[in-house]
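*Asks:* heads up, no residue letters with this:
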């Protein structure tokens, strides 16, 4: 896909310079020093020679074809250079210069011009405002980086050039080895989506590590990341997570979804291992690169000191992984192999006299045992400790299915060198806590890989009806739907709505109530009144005709008094729903990732405790159930604490129906069902109140 | 206090040996090699010479006084050696051998014997089962550790010998410098309390770092740690935090308090900086040792790359510190000093062209500005970056009041050496997240130091009445108090109780109800029935004599049917409390730290959301208010969400009264007021239900 960028056979540098310190000098210097085997054509109107290479006055003067053109001139001159590259039928262009959209309107225009030139010319563009690209396999360093990292299987991509360099540095520091390093800069053409797609197919790359600040196209990103994750682990640090967005949300769901919620949901769906800190990027990548993914969450800790073992077990428990109980057969086997002073439990404390052969024996027994999914060796320096020999012993006894991670506590005296460790293939951490963080990430990746096939149910619905309502509302610009119309739409998608009708006369209100049967609820319908209850606009449990009449009169009186200018469409008379548990189901449309569903228990659980969970639509039944289970208040649904068990699968179906509705109609930007009243098993939930907001119609509609 | 241990003028080693690899050899070797300037007397019945020192057959043969005796013989022989040391009038003994209480009953007996010998002889004992002691100032290495760390101002103590070594190693690795290192092992005599007290007074020590698994005496620990913290920062990692205890708790509060809750509360009270991971110990200690404590939470981030700045700002926000807005004057000042491409905001992004002088200028301006409490410099490697010169520039412009921490991202190429950094006094972190963790710890320590003077209010109470109830109950062994007696006690401590009386006859029940006035509540009083409501043993809002009679008959009927063997003391008829918000106030007595108070909103907030906070008693008014504010549901007390504002200070008073009650009476081991009904401001809260459990009386009572 990006072959001529990743693996060019020939390269030209427009703006090659003989002046040390200029970008055009450094770029050629880096290309030459990295030992790129193909032809390099420096281009500069001055001609002459550079690093023994002939300098061509223009790229057209170079007589051979060119795959990759690095443009090393200031921003203003970049479009002209790009035009030349296009004429030369180059495959890809790298623009390192800054001075584009990051600087304001003028730069943005320049960037648009550049992008357009490349698009029309059929040339892929990396940058502008980027560090460039490195491919260690072909000794390509078409970048600003002074150093080309060691060859290996870790691919790096980054939206920040500075962090791209930092990541390559750290990869070298940890002796990890890099396959490719791609700085995507302003992402005018090539984005994280292209990079993920290309790296997914790249045989040199076994783990992908990325730094992102935003995502260009949420949908494509999820698809590309999912495809990549299914082939190899993808670890990403997404920065800019906490500063609150300024988006105006009219509905509950929108208010509750933070800026980062959608990213979290998208990363989870795509199987991305999300790093929460810069260190975690490499902590996770190291483990994923060197060790197999665990089959489950049962961790065995092996140590030579009680304190280290306790610390490691604390970390395992806190992470949610399991400090598993040893099987009797494993205990017996270990008893025979380890010194008499050893505590054979989990953690296994071999004791201060632990020799390398004891670690070997413990690992041998553990990897052969079905009850252990991962092993963490934590070693503290004791008088007898032989760190290097211990590493060799551990490594010689690892197998292909049980990951082994290590944390040796202390300074350089007790630590084998990074080089030895990396060569041995043992992921190594300065603290047990960080090793456990990596194990947790591996486990989650394993769970994602083992996830059941996704099957999204499609329910039979009245799609036409919804289409009509939306079209009419968008045409008339009344984009916020109140209870009555929202219920209309939900009914069309299979939700249970209590029988009811809108009326403007007292007599008819009484008639409706009699027809549908008591008790009824009465609610003012008015687009201008948001908080109906505050104005006495909601009355529940009305039991007789007289009460209907009283309620009607009182509502009109109150409205006239407190909101004399309100437009009142009438009073909605509705059969009262049976009692049940109140839950909230909502959707807010993320600009990047589309419809994001929300679930929570109603009332105070949502309002005060913010005990809600989110998931990207479309959603499967299994995912819907998981959403329910992830709330802290889930036990209330199960009928604990004196409450009756409610129909959990009916809530899951409701979530799936909302998933279908909001996937079918991108025009719906926000939706709350608050509350949905859920009864015991077999009882269909009832929509007690609902709201929706539609998008402004596209111009021309 | 521990002078003859910390700074002995002369040392003897009982069990000195010529055999390489034996403890008795290594110990003498370490003492000699560390360059201890005073006399060292090896003791061994074989006599001869060792490292050029005369070996004495017995310690009695050594003609001079001895301060410190290191006993380097196997466990079984230790008591005899200790007796000799006592006879020699030694000041302190270090026992390194294991084989004591950690091995079982025999070892425990041996340890008790050893402890008794030392106690009677007036000799302090370090260990057994420990690494020993190091004092760099006098070149004392009376330990197993091969290496004596660099001299400096960090004191290390550890319950694990292996981790003690690891900590010294890390201190050396980070070029921190150590004053003393004390391995406390089995803590037969000298415990963390003695060590904290001694180190608090030690002028060589500026920061104390410790590893603990348990605490010997909670009360003394809190006092010693508080005293130490008020003089210098104390950073402690407490391991063994997650495995659930097996303690049987009868009351709510006991169930909700995890094993770690009391430690958390105690550390907080004592001003200890609690490290949650092994790395955090030194992350915090480094910052606290090298930089001033910040005056507030307003952090300025200075960087040379947008990505690094975003990452750092994310970390600051997530930690709860503040990414403060720059003052106009600071912006103006910076505008004049920094390159035109710089983004002058927080983070300040000096841009890729940042030179050391720019960092210097930014720090100069920031430390002079009152709106900045702490500075975090985050640097990513760019083409122009000069890491070492940048460090020098930063260091030259730091001041005495604003802490500066740094995180340079990347590998060794872009990183100044640890040695340079430590010499410069700039705390340095591999990731912005860890630097922020350290800043947060510093800030919390600063807040603790600035805390207002604690003033515990004492209310006038009827202490005699409580004493009588407790004595009677302890004598008769009825240690669990039901509602009626618990209310008696609470009334004596100033709580409002609704008027009520216990009766066994229907007629009297009606009479009582008439006398106190309707509506009333009626409750079965029975020590054998725990869940009264489940058996229909609670009736509320009874409005007439007829209803009282009906309720009485029905209760008796139900009890006879469902719990025919229950002992029923009668029915409690009580005036109904006014409506209000239900909260829970409780106390559970921690075996280490004594009475621990709990507060939470009642019902589902406690049962499902576990939204409760804890605090050690005695508690001040301010601390009680803080407890309320730390619950997630606090806003409900403030009258949001359609509820009325309740009398928050009345709840605080209730907490203080429970604090007084449970401090006055150590016999109360658990207590729940559930619910306490709280009304609007000016209304006294009412105890609606309560329970208590007393301790089994001490033998002889």
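*Replies:* Happy to help now that I have it. Everything quoted here is computed from the prediction, not taken from an experiment.

*Asks:* the one helix or strand residue A:268 maps to: how far from the chain's middle?
*Replies:* For residue A:268, the element it lies in under DSSP states H and E is helix A:261-270. Offset of helix A:261-270 from its chain centre (CA atoms, centre = their mean, to the nearest Å): 3 Å.

*Asks:* can I see the domain layout of chain A?
*Replies:* For chain A, automatic domain parsing gives the domain ranges A:1-130, A:149-290, A:292-449, A:499-575, A:581-694.

*Asks:* indicate which one of those is closest to residue B:97.
*Replies:* Across these, residue B:97 has its closest neighbour in domain A:292-449 (11.8 Å, CB to CB). Every residue, glycine included, has its C-beta placed from N, CA and C.

*Asks:* can you measure across the closest one, start residue to end residue?
*Replies:* 13 Å (CA to CA, to the nearest Å).

*Asks:* may I see the buried residues of the helix or strand harbouring residue A:556?
*Replies:* Taking DSSP H and E as the criterion, residue A:556 maps to helix A:545-562. Within helix A:545-562, the residues that count as buried by 16 or more other CB atoms under 10 Å in any protein chain shown are A:547-549, A:551-552, A:555, A:559.

*Asks:* helices or strands next to that helix in the packing?
*Replies:* helix A:506-516, strand A:520-525, strand A:538-542, strand A:570-575 (3 or more CB pairs under 8 Å, 6 or more residues apart in numbering or on different chains; DSSP states H and E).

*Asks:* quick check: which of these is nearest to chain B?
*Replies:* In terms of CB to the nearest CB, the element of those nearest to chain B is strand A:538-542, at 13.2 Å.

*Asks:* and for the closest residue to chain B within the stretch 201-350 of chain A, the neighbour number?
*Replies:* At 2.8 Å from chain B, residue A:307 is the closest residue in the stretch 201-350 of chain A, using CB to the nearest CB. The number of residues packed near residue A:307 is 27, by other CB atoms under 10 Å in any protein chain shown.

*Asks:* ok, now which ones touch it?
*Replies:* By CB atoms under 8 Å, 6 or more residues apart in numbering or on different chains, the contact list for residue A:307 reads A:380, B:158-160, B:162-163, B:211, B:213, B:239.

*Asks:* ok, how many other residues are close to the residue nearest to residue A:545 when sequence neighbours are not counted?
*Replies:* Nearest non-adjacent residue to residue A:545, counting by CB to CB, 6 or more residues apart in numbering or on different chains: residue A:510, 4.9 Å away. Neighbour count for residue A:510, taken as other CB under 10 Å: 19.

*Asks:* how about residues contacting stretch A:462-476?
*Replies:* The contact list for stretch A:462-476, computed with CB under 8 Å, 6+ apart, reads A:479, A:481, A:485, A:488-489, A:492-493, A:661, A:664-665, A:667-668, A:694-697, A:701.

*Asks:* show me which of those residues are buried.
*Replies:* If you count burial by 16+ other CB under 10 Å, the buried members of these come out as A:479, A:481, A:485, A:489, A:492-493, A:661, A:664-665, A:667-668, A:694.

*Asks:* among those residues, which lie within helices?
*Replies:* Per DSSP state H, helices hold the following members of these: A:485, A:489, A:492, A:661, A:664.

*Asks:* just name the shakiest helix or strand of chain A by mean pLDDT.
*Replies:* helix A:252-256 (a mean of 69; mean pLDDT, DSSP states H and E).

*Asks:* report pLDDT for the residue positioned nearest the centre of chain A.
*Replies:* Nearest to the mean C-alpha position of chain A, by CA atoms, centre = their mean, lies residue A:267 at 1.9 Å. pLDDT for residue A:267: 95.

*Asks:* okay but it is in contact with residue A:238, surely?
*Replies:* Yes: Residue A:267 lies in contact with residue A:238 (CB atoms under 8 Å); the separation is 7.3 Å.

*Asks:* okay, and the common contacts of those two?
*Replies:* residue A:274.

*Asks:* ok, for residue A:433, nearest residue in space, not its chain neighbours?
*Replies:* residue B:277 (3.9 Å).

*Asks:* wait, what's in contact with that neighbour?
*Replies:* Going by CB under 8 Å, 6+ apart, residue B:277 touches A:315, A:431-434, B:237.

*Asks:* burial check on the closest residue in space to residue A:90 that isn't next to it in sequence, number of neighbours?
*Replies:* With CB to CB, 6+ apart as the criterion, residue A:90 has its nearest non-adjacent residue at 4.5 Å, and that residue is residue A:69. When counting by other CB under 10 Å, one arrives at 29 neighbours for residue A:69.

*Asks:* which residues sit in contact with residue A:69?
*Replies:* Counting by CB under 8 Å, 6+ apart, residue A:69 has contacts A:11-14, A:59, A:81, A:85, A:88, A:90, A:92-94.

*Asks:* residue A:334 now?
*Replies:* With CB under 8 Å, 6+ apart, residue A:334 has these contacts: A:326, A:342, A:344, A:348, A:361-362, A:365.
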